[in-house]
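Enquirer: Here is the input, now give the coordinates:
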Amino acid sequence: TSCTADGDAYGGGMYLSSSTALITGASFTSCTADGSGAAFYAGYGGAIYLDASTATLVDLALQGNYATTGTHDIHNNGGTFNCSTSCEAGQYHDCQDIAVTSDPNNLCYVNCGSCTNCSKGTSSSVASSGSASCEPCAPGYAADSTGAASCTSCEEGRYATDDTNHYGVATLATSCNTCPAGFHQPTAASVYCTPCDAGTSSDGATVTVACTTCAAGTASSTGSATCTECAAGYHQPANGSDTCIACGVGTYSNATGATACDDCEAGTYSGTGAAACTPCDAGKSSDAASVACALCPAGTASSVGASTCDDCEAGAYSATGAALCTPCEAGKVAAQPGGSECVACVALHDKAYTSLDGEASCGRATQGFYWDTIVQAPRECPDGATCDSPGGTVLATIAIKPDYYRLALSSTQVYKCGTGNCLGGLGNTTTCREGSGGVLCAVCDDK
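Expert: All right, here's what the predicted structure looks like:
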């Protein structure tokens, strides 16, 4: 401080001749090289004079120096010098001044403060003399702490971003974040991630270089975090699909995640995209894998969910689409199973034939006739008798009129009584008047 070289002076504070020197922490304030004195020749280099010397000046402090002839701070005569700081890579001195030297192209920063770390998102491979010397991280690179000597390339599956987690940060990135759900990045040093293709997904929980292919029974759209199971009524047999396929007509899937659809059972049907098959209505039927149920033909019928229509039994009939067969009404018959109509007995035979409800044949006699079981045909009712039994008269149910007589239930002969004692009757032999009996009621009781 306040050093002076008088006369033919060189270097008011320091003179180096034919030397190599590392000078650290030197401070020269108000030093003077005064050419009017007799110290070292004319006045050059108020602080330092380098004569054919090489000098490295670290953390140099200069203030108020003066030379009467040459440069005020550093004069170089056939040597070399550089100014630097004691900061490490990733740090810088916030130097305030540039020394006045005889070499204007050699910027010598002086009066530097303490070392400061480069901020996050920047780096410096060597110590710097100003914050501007901390370089921003290049696209795809990041420095996540202060004082970085270099920025780190973001690996595959990550992207460069800043503390706000903004997407697509080009420079000054402070971290390499994993790709978000639905995205991936196969390339290192990236500032963005690529959406997963349709048919793939990523959950964002791990570093995703490549998205995961969706399994059969699932699907995904572009940029999906997960593969979604196919809904009931849909399926997907292939891996890596972007959509699920609706089950075709006559098939169904009743659970999520189906890889195939099942055929509807006989007696059911389905349209497109069915989660369940629908039972056929009564009066209809279907084969397996049907799109619709068919009406039962005339002469058949079915209950709900029938795979086939059953023939109506003999004695009954049905129209098309019948849930039940209808018994033929009395006087009409359906002789064979599967009848679509009943035919009147009179049309099949003559007026003497009839039937009861639901009978398959005309095996009964109309009024005025009785049924002969031997010949299986109706006979005209005998004189003296009445043939009008409900359900048709047979030999045993012929009713005998008063004053007529029949010997037995099996007899077809009816006799005129003539005694006045025959009361007639139904079923067994004719009832005789009280006090009489025997054939034709002609025998009087003894009293």
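
Enquirer: what's the neighbour count on Leu22?
Expert: 9 (other Cβ atoms under 10 Å). In short, each C-beta sits where N, CA and C put it, glycine included.

Enquirer: Same check on Asn421?
Expert: 22.

Enquirer: Run a quick neighbour tally on the residue nearest to it when sequence neighbours are not counted.
Expert: Once flanking residues are discounted, Asn421 sits nearest to Cys441: 3.5 Å by Cβ to Cβ, 6 or more residues apart in numbering. Cys441 is flanked by 23 other residues according to other Cβ under 10 Å.

Enquirer: where does Gly46 land on pLDDT?
Expert: Reported pLDDT at Gly46 in the predicted model: 64.

Enquirer: what residue ranges in the stretch 1-150 of the chain score low on pLDDT?
Expert: Scanning the stretch 1-150 of the chain for pLDDT under 70 picks out 1-2, 4-12, 34-46, 70, 127-132.

Enquirer: 80 instead?
Expert: Residue ranges of the stretch 1-150 of the chain with pLDDT under 80: 1-13, 33-47, 67-72, 84-86, 92-98, 102, 104-107, 113, 126-133.

Enquirer: residues in contact with the nearest residue to Gly420 once chain neighbours are set aside?
Expert: Excluding its sequence neighbours, the residue lying closest to Gly420 (Cβ to Cβ, 6+ apart) is Asp403, at 7.1 Å. By Cβ atoms under 8 Å, 6 or more residues apart in numbering, the contact set of Asp403 is Gly384, Lys416, Cys417, Gly418, Gly420, Cys422, Gly424.

Enquirer: right, and the last one touches Thr431 too?
Expert: Think Gly424. Yes - under the criterion of Cβ atoms under 8 Å, Gly424 makes contact with Thr431 at 6.9 Å.

Enquirer: Between these two, tell me which one has more neighbours.
Expert: Between Gly424 and Thr431, counting by other Cβ under 10 Å, Gly424 is the more crowded of the two (19 against 16).

Enquirer: Three-state assignment for that one, please.
Expert: Here Gly424 is strand, with the state taken from DSSP: H, G, I helix; E, B strand; the rest coil.

Enquirer: so where do the helices sit in this protein?
Expert: 345-348 (DSSP state H).

Enquirer: Is the most centrally placed residue in it bridged to anything, and to what?
Expert: The chain has Thr228 as the residue nearest its centroid, 2.7 Å off, counting by Cα atoms, centre = their mean. Beta-bridge partners for Thr228, by DSSP bridges, are Ala219.

Enquirer: mind listing what it touches?
Expert: Thr218, Ala219, Ser220.

Enquirer: Emit the PyMOL select command for whichever of those residues are buried.
Expert: To isolate the buried ones among the contacts of Thr228 in PyMOL, judged by 16 or more other Cβ atoms under 10 Å, type:
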select buried, resi 218+219+220
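
Enquirer: possible to save the contacts of Thr228 as a markdown table with pLDDT and distance to Ile98?
Expert: Shown next, in a markdown table, are the contacts of Thr228 (pLDDT from 0 to 100; distance: Cβ to Cβ, whole Å):
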| residue | pLDDT | distance to Ile98 |
| --- | --- | --- |
| Thr218 | 98 | 68 |
| Ala219 | 98 | 67 |
| Ser220 | 98 | 62 |
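
Enquirer: of the contacts of Thr228, closest to Thr212?
Expert: Ser220 (9.6 Å; Cβ to Cβ).

Enquirer: so what pLDDT did Gly437 get?
Expert: 85.

Enquirer: Equivalent analysis for the one 3 residues further on, please.
Expert: Leu440 carries a pLDDT value of 87.

Enquirer: How about Ile245?
Expert: 98.

Enquirer: Report the contact partners of it.
Expert: Cys230, Tyr234, His235, Gln236, Pro237.

Enquirer: Go again with 7 Å.
Expert: Tyr234, His235, Gln236 (Cβ atoms under 7 Å, 6 or more residues apart in numbering).

Enquirer: pLDDT, neighbour count and distance to Ala33 for these - can I get that in a markdown table?
Expert: Shown next, in a markdown table, are those (pLDDT from 0 to 100; neighbours: other Cβ atoms under 10 Å; distance: Cβ to Cβ, whole Å):
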| residue | pLDDT | neighbour count | distance to Ala33 |
| --- | --- | --- | --- |
| Tyr234 | 98 | 22 | 94 |
| His235 | 98 | 23 | 96 |
| Gln236 | 98 | 25 | 90 |
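
Enquirer: so of these, which ones are in strands?
Expert: Secondary structure from DSSP state E places Tyr234, His235 of the contacts of Ile245 in strands.

Enquirer: Enumerate every residue touching the residue lying closest to Glu265 once chain neighbours are set aside.
Expert: Excluding the flanking residues, the one nearest Glu265 by Cβ to Cβ, 6+ apart is Ala288, at 5.9 Å. Contacts for Ala288 (Cβ under 7 Å, 6+ apart) come out as Asp263, Cys264, Glu265, Ala266.

Enquirer: Could you list everything the closest residue to Pro337 other than its chain neighbours pairs with in the sheet?
Expert: In space, and not counting its chain neighbours, Pro337 is closest to Asp311: 4.4 Å by Cβ to Cβ, 6+ apart. Beta-bridge partners recorded for Asp311 (DSSP bridges): Thr300.

Enquirer: Asp311: how many residues sit nearby?
Expert: For Asp311, the count of nearby residues is 18 (other Cβ under 10 Å).

Enquirer: List the contacts of it.
Expert: So Asp311 contacts Gly299, Thr300, Pro337, Gly338 (Cβ under 7 Å, 6+ apart).

Enquirer: Count the residues that sit near the third one.
Expert: Looking back up the chat, that one is Pro337. For Pro337, using other Cβ under 10 Å, the count is 16.

Enquirer: Look at it and report its pLDDT.
Expert: Reported pLDDT for Pro337: 97.

Enquirer: Can you pull out the low-pLDDT segments for the stretch 301-447 of the chain?
Expert: For the stretch 301-447 of the chain, counting by pLDDT under 80, the residues that fall below are 426-430, 446-447.

Enquirer: how far away is Val333 from Glu313?
Expert: With distances taken as Cβ to Cβ, to the nearest Å, Val333 is found 12 Å from Glu313.

Enquirer: Am I right that Leu324 is in contact with Ala301?
Expert: Yes - using Cβ atoms under 7 Å, Leu324 makes contact with Ala301 at a distance of 5.4 Å.

Enquirer: between these two, who's got more neighbours?
Expert: Taking other Cβ under 10 Å, Leu324 and Ala301 do not tie; Ala301 has more neighbours (25 against 13).
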